[in-house]
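S.K.: what follows is a predicted structure for the sequence shown.
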Amino acid sequence: KKPSATVRGTRKAIVAFGPPIPITTPADKKRGIPALTEAMEKSVQGLLDSIEI
């Protein structure tokens, strides 16, 4: 059986690791989650913005 989808062009991947995000345990863990989420979102967005193709 022949596959229906094949590679039609060159594939390329960019793998980047940013600086570590410091994680602290706040007194109220539920309040720390939004701050950690925001830090992770900003870090990922910064890495995406720095990609030059």
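M.R.: Cool, got the structure.
S.K.: tell me which helix or strand the residue most central in space within the chain sits in.
M.R.: Geometric centre of the chain, nearest residue: residue 44, 4.4 Å, by Cα atoms, centre = their mean. Of the helices and strands defined by DSSP states H and E, residue 44 is found in helix 29-50.
S.K.: ok, and what's touching that helix?
M.R.: Contacting residues not belonging to helix 29-50 are listed as 16, 18-19, 21, 23-26 [Cβ atoms under 8 Å, 6 or more residues apart in numbering]. Just so you know, the C-beta spots here come from the backbone N, C-alpha and C atoms, and that holds for glycine as well.
S.K.: can you list which of the residues you listed are found in helices?
M.R.: Using DSSP state H, no member of these falls in helices.
S.K.: ok, these vs residue 4, which is closest?
M.R.: residue 16 (32.9 Å; Cβ to Cβ).
S.K.: my guess is the closest one meets residue 51, correct?
M.R.: Yes - using Cβ atoms under 8 Å, residue 16 is in contact with residue 51, at 7.3 Å.
S.K.: overlap in contacts of these two?
M.R.: Common neighbours of residue 16 and residue 51 (Cβ under 8 Å, 6+ apart) do not exist.
S.K.: residue 11 and residue 4: what is the separation?
M.R.: 18 Å (Cβ to Cβ, to the nearest Å).
S.K.: low-scoring stretches of the chain, by residue?
M.R.: Within the chain, not a single segment meets pLDDT under 70.
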